[in-house]
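Undergrad: Below: sequence and its predicted model.
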Amino acid sequence: MQDRMRNVEEFARYATDMIVLMDEDQKRTNQTLERLTEPVQQLRESSARRDETLQRMLRAMAVIQADIVRIDQTHGGT
């Protein structure tokens, strides 16, 4: 009977240790996520600015191409 009690006590210690370890891991995970959130947001914002700039460049290029076509047509081009 004493052996069984010791086994239960040992299991309870292991379970407590496991809970503490899991809690520590969760805290570290949360800290890591907090540290990564800002850089990820900055990357998203930077990517959005790049996409917007690229779209502006494409629109400007379309206007330039249209002007070239008009100039060609006006000056007897093909």
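TA: The structure has been received and is ready for your questions.

Undergrad: List the residues that contact residue 9.
TA: When the contact criterion is CB atoms under 8 Å, 6 or more residues apart in numbering, residue 9 has no partners at all. In short, each C-beta sits where N, CA and C put it, glycine included.

Undergrad: Can you tell me the element it falls in?
TA: Following DSSP states H and E, one finds residue 9 within helix 2-74.

Undergrad: what is the mean pLDDT for stretch 60-76?
TA: Averaged across stretch 60-76, the pLDDT comes to 92.

Undergrad: which stretches of the protein have low pLDDT?
TA: Filtered on pLDDT under 70, the chain yields the residue ranges 77-78.

Undergrad: quick one: the most centrally placed residue in it and residue 46, what's the gap?
TA: Note on the chain: the residue nearest the mean C-alpha position is residue 40, at 4.4 Å, using CA atoms, centre = their mean. According to CB to CB, to the nearest Å, residue 40 and residue 46 sit 11 Å apart.

Undergrad: what touches both of the two?
TA: In contact with both residue 40 and residue 46: no residue, using CB under 8 Å, 6+ apart.
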